[in-house]
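Chemist: show me how the following folds:
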Amino acid sequence: MKKTLKILTVILSVILIAILGIIMFIFVTTAGINLDERKLINLDNSITFYDVYDNVITEESDDRAITDLSNLPSHVKNAFVAIEDKRFYIHKGIDYRGLARATFNNIKSFSFKEGASTISQQLIKNTHLTSEKTFRRKLIEMKLARQLEKKFTKNEILEKYLNTIYFGDSCFGITSAAKHYFDKSPENLTVNESAAFAGIIKAPSLYSPFSAPEKCNKRKNTVLKEMFTQGYIDAEEYNKCISQDLSTVNKEESGNYGYLYLVKKELGRYIEDSQLGYDKLSVHTYFDPEKQNIVEEALNKNELSCDKSCILINPYGNIMAYKSTCGEIYRQTGSAIKPIAVYGPAIERNIVDSFTIMEDEKIDFNGYSPSNYGDIYYGHISVKTALAKSSNVCAVKLLNYLGVQNSLSYLNRMDIPTGLNDNSLCIALGATEKGATLKQLSAAYTVFINEGNYNSPTCIKSISFESGRTIKTETHTKKVFGRDTVEIMNDMLGYTVTDGTAKKLSFSNISLCAKTGTVGTSAGNTDAYSVSYNPEYVLGVWLGNSNYSKMPNSVSGGTYPCMIGCNIWKNIYKSKSGPVFPKPRNVHEIELDRISYEEEHKIEIADENTPDRYRIKVMTKSYNNMYPTSERFSTPRIEEPQISVNNNNIEIRLCLTEFYNVYIYRTYNGKKEMVFCSEKSDNKTLFTDSDVIPGETYVYTVVPYCKGKVCEKQGQEIILPEIKIPAINYDDNWWDDYFDFFE
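Modeler: Purely as a prediction, here's the structure:
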């Protein structure tokens, strides 16, 4: 009994010490931390935007108004309480029951998915703290939440919460959000709209009714279900609301989306993650005013009646200029995706070289039969030509060799969105589930001017607070391609400008690489792309209509987008020469035998004796140099000549190629001498030997040769069959006949 008592005493002592230790830790950690009522609603907010040269672009003040909770319909308050803090009117700042449940679920799932923050805690976090996920910050949050509850009533706390919470699109507070999204005051919000707002705040960029209406509607219905379950609305109201879609202000009709449009979208994500909106901010961007003017002028000069977008990005993903008439929208990318989804990955994985020969032909892949533009097929062509001509068949063939999942893995590294249904060969032609924005597509091409590395595109360089704290935007580099792959792809895409679908860009006289893309049918095109680049920038141009109405077929990637791009490039380098791509250093240059390659569709290395005119220079990776060497100019061969007698002459007919000559030797009475050299003859295919004696036997030897780059090479001699000129048979009576004639 005494032993048991001692054990219990020890256990209780340990527990008591632990509790005291925790209390001491909490006391020390939160010492000196107190509620600052002035921060609960701060109306003195402003944002100053700076360009890449640290000059002010513009300053915007937050004209946020305060809405009295008593003026709001009850369903507005109920929506937020139902989804964010169902025990709001019961707890005293901290919901210990919810905290225990969240802790148990997090331990069970080995994650921190549930946070159990009350509305009071969220108000404190949004106005007093940063979003760092530390135990100390949580303790401070809980302490201040308790102080908040002691100082203010529940309705006062809820009012402050609704007037400070972030709703996305730079909207703080329910007043500015109601005006921005629904063009009304918060007093007039419907149950449906209130549920949407309560759902948006979980992740404003993810559930935006403008950019993600389907997700917003699904989240709204989740809130409505909670309101119904908790008795805030009846079954009739619930069923009525879930069947209704939101009617928002159509922000996409403004037709004027400049650089700050992208900046504010990006800033909104920082506000969500770090609660930056509760202070005066200085936002430093990569905006280049000169480049922006060039881009805007080029788009304005184009008089096509369609939507237009253009973006300029440097090698590190920094956006220098942007202009659009419809904002960021997701579209099918067409052939513009081929370099990053098919050709780049295939080169990287050593499936092909740029000079690998493919057959461009109509083909069926288990029911999927891609067609080339205009149903034009080129037969045997190189991978490089297939990309330049934008052969759909060859792209699909190559993806079939590469594998769809391998292609998707590369697209994911470059932040090109893919979905569960993206598992077919049509990915090679840009037909993906979600498509991509022009920004995403253009940023992916930066891997070709950044040594194969990808950085996600960004407008913001840094964000500074009035307090002096600065946040520098973080860019995470992803390795996509090796330098050797990049150099080969640059060679291929440079050829697309000089000899392919992007030829209209060659008029800029700038050293460029590019790919075009067109989406449409014979009835018209919906999308036309030109993505071009040099060592300094990637320039993306898109034409289309946000409502998917068709443009004429004359508007394709190789026409107007390239013409707009050409104009922009010319003006960027109006007063200076454009940079050229450095000479490749990470690949090997080899020379192929032109005859084998072009006529026989075989890849053979030209030997040292091959004349220059029969050589083709190509680039390959060092470990890919495994091709056989041609013997064409080292061991010349011809078909066996035909020998015959004609009018007491010996004729030898030769079957020569354009690159061989022959020596002909005659052997008579044991003496061998050269009697013909085709190189010096006007008739290279026929030798006539008239210097022969009837009745005698001759032997002819034919030796093919070529004068190569290094020396003359002779092939194996061909000994022709013995040949004899028939002897003349004189008739002895002809003299008698002759004299009889005169008698």
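Chemist: elements contacting the host helix or strand of residue 155?
Modeler: Using DSSP states H and E, residue 155 maps to helix 154-162. Taking 3 or more C-beta pairs under 8 Å, 6 or more residues apart in numbering; DSSP states H and E as contact, the helices and strands that helix 154-162 lies on are helix 74-84, helix 119-128. In this view, the C-beta of every residue, glycine as well, is placed from N, C-alpha and C.
Chemist: out of those, nearest to residue 514?
Modeler: helix 119-128 (46.5 Å; C-beta to C-beta).
Chemist: so which elements touch the helix or strand that comes right after the closest one?
Modeler: Scanning forward in sequence from helix 119-128 by DSSP H and E, the next helix or strand is helix 135-151. Under the contact criterion of 3+ C-beta pairs under 8 Å, 6+ apart, helix 135-151 touches helix 2-29, helix 119-128.
Chemist: weakest of those helices by average pLDDT?
Modeler: Among the helices and strands packed on helix 135-151, helix 2-29 carries the lowest mean pLDDT, at a mean of 64.
Chemist: list the buried ones in the helix or strand just after that one?
Modeler: With elements assigned by DSSP H and E, the helix or strand that comes after helix 2-29 is strand 46-50. For strand 46-50, a neighbour-count test (16 or more other C-beta atoms under 10 Å) marks 47, 48, 49, 50 as buried.
Chemist: for stretch 436-447, measure first residue to last.
Modeler: 17 Å (C-alpha to C-alpha, to the nearest Å).
Chemist: quick one, strands of the stretch 201-350 of the chain?
Modeler: 281-285, 307-313, 319-324 (DSSP state E, counting those that start in this stretch).
Chemist: against residue 303, how distant is the spatially closest residue to residue 258 that is not a sequence neighbour?
Modeler: Excluding the flanking residues, the one nearest residue 258 by C-beta to C-beta, 6 or more residues apart in numbering is residue 323, at 6.0 Å. From residue 323 across to residue 303, the span is 16 Å (C-beta to C-beta, to the nearest Å).
Chemist: the more surrounded of those two?
Modeler: residue 323 (22 against 5; other C-beta atoms under 10 Å).
Chemist: how close does that one sit to residue 515?
Modeler: The value you get for residue 323 to residue 515, if C-beta to C-beta is used, is 21 Å.
Chemist: same deal with residue 527?
Modeler: Taken as C-beta to C-beta, the span from residue 527 to residue 515 is 14 Å.
Chemist: what about those two, which has more around it?
Modeler: residue 515 (31 against 26).
Chemist: ok, that one - contacts?
Modeler: Listed by C-beta atoms under 8 Å, 6 or more residues apart in numbering, the contact partners of residue 515 are 335-336, 338-339, 387, 390, 493, 496, 501-502, 529-531.
Chemist: what sits against residue 491?
Modeler: Applying C-beta under 8 Å, 6+ apart, the residues contacting residue 491 are 354, 384, 584, 619.
Chemist: the stretch 351-500 of the chain: helices as residue ranges?
Modeler: Using DSSP state H, counting those that start in this stretch, the helices found in the stretch 351-500 of the chain span residues 383-388, 392-402, 404-413, 438-444, 483-499.
Chemist: quick one, which of the ones you listed is nearest to residue 634?
Modeler: Using C-beta to C-beta, the helices of the stretch 351-500 of the chain put helix 383-388 closest to residue 634, at 27.5 Å.
Chemist: quick one: that closest one to chain centroid distance?
Modeler: Taking the mean of its C-alpha atoms, helix 383-388 sits 18 Å from the chain's own mean (C-alpha atoms, centre = their mean, to the nearest Å).
Chemist: for that helix, name the packing helices and strands.
Modeler: strand 357-360, helix 392-402, helix 483-499.
Chemist: nearest to residue 140, of those?
Modeler: Here helix 483-499 is closest among those (C-beta to C-beta), at 48.7 Å.
Chemist: give the buried residues for that closest one.
Modeler: 484-497.
Chemist: and what of stretch 41-60?
Modeler: Buried residues in stretch 41-60 (16+ other C-beta under 10 Å): 41, 42, 45, 47, 48, 49, 50, 51, 52, 57.
Chemist: ok, stretch 603-621 next?
Modeler: 603-607, 609-610, 614-616, 618-621.
Chemist: pick out the most distant pair among these.
Modeler: So, the buried residues of stretch 603-621 by C-beta to C-beta: farthest apart are 609 and 621, at 26.0 Å.
Chemist: where do the strands sit along the stretch 401-550 of the chain?
Modeler: Using DSSP E, counting those that start in this stretch, strands in the stretch 401-550 of the chain cover 453-454, 460-465, 470-472, 478-479, 513-521, 524-533, 538-544.
Chemist: tabulate those strands (TSV), appending mean pLDDT.
Modeler: What follows is those, written out as TSV (pLDDT from 0 to 100):
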stretch	mean pLDDT
strand 453-454	98
strand 460-465	90
strand 470-472	81
strand 478-479	96
strand 513-521	96
strand 524-533	97
strand 538-544	98
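Chemist: most tightly packed of these?
Modeler: Most buried of the strands of the stretch 401-550 of the chain by mean neighbour count (mean count of other C-beta atoms under 10 Å) is strand 538-544; its value is a mean of 28.
Chemist: show me the shaky parts of the stretch 501-650 of the chain.
Modeler: 623-625 (pLDDT under 70).
Chemist: so where do the helices sit in it?
Modeler: Counting by DSSP H, counting those that start in this stretch, the helices of the stretch 501-650 of the chain are 560-572, 594-598.
Chemist: highest mean neighbour count out of those?
Modeler: Among these, highest average neighbours (mean count of other C-beta under 10 Å) belong to helix 560-572, with a mean of 23.
Chemist: show me what that one is packed against.
Modeler: helix 289-301, strand 307-313, strand 513-521, strand 524-533, strand 538-544.
Chemist: recalculate using a threshold of 6 Å.
Modeler: helix 289-301, strand 524-533, strand 538-544 (3 or more C-beta pairs under 6 Å, 6 or more residues apart in numbering; DSSP states H and E).
Chemist: tell me how the chain divides into domains.
Modeler: Split into domains by automatic domain parsing, the chain comes to 1-31, 64-249, 306-461+473-572, 588-624, 642-724.
Chemist: of the ones you listed, which stretch is the most buried?
Modeler: Highest mean neighbour count of the domains of the chain: domain 306-461+473-572, a mean of 21 (counted as mean count of other C-beta under 10 Å).
Chemist: report the distance from that domain to the chain centre.
Modeler: That offset, for domain 306-461+473-572, works out to 7 Å (C-alpha atoms, centre = their mean).
Chemist: just the terminal-to-terminal distance for that domain.
Modeler: 25 Å.
Chemist: ok, back up a step: any chance of the helices of the stretch 351-500 of the chain in TSV, with mean pLDDT and distance to residue 706 too?
Modeler: Output for these, formatted as TSV (pLDDT from 0 to 100; distance: least, C-beta to C-beta, whole Å):
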stretch	mean pLDDT	distance to residue 706
helix 383-388	97	29
helix 392-402	97	35
helix 404-413	97	45
helix 438-444	98	48
helix 483-499	97	31
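Chemist: any idea which of the ones you listed gets closest to residue 632?
Modeler: helix 383-388 (23.0 Å).
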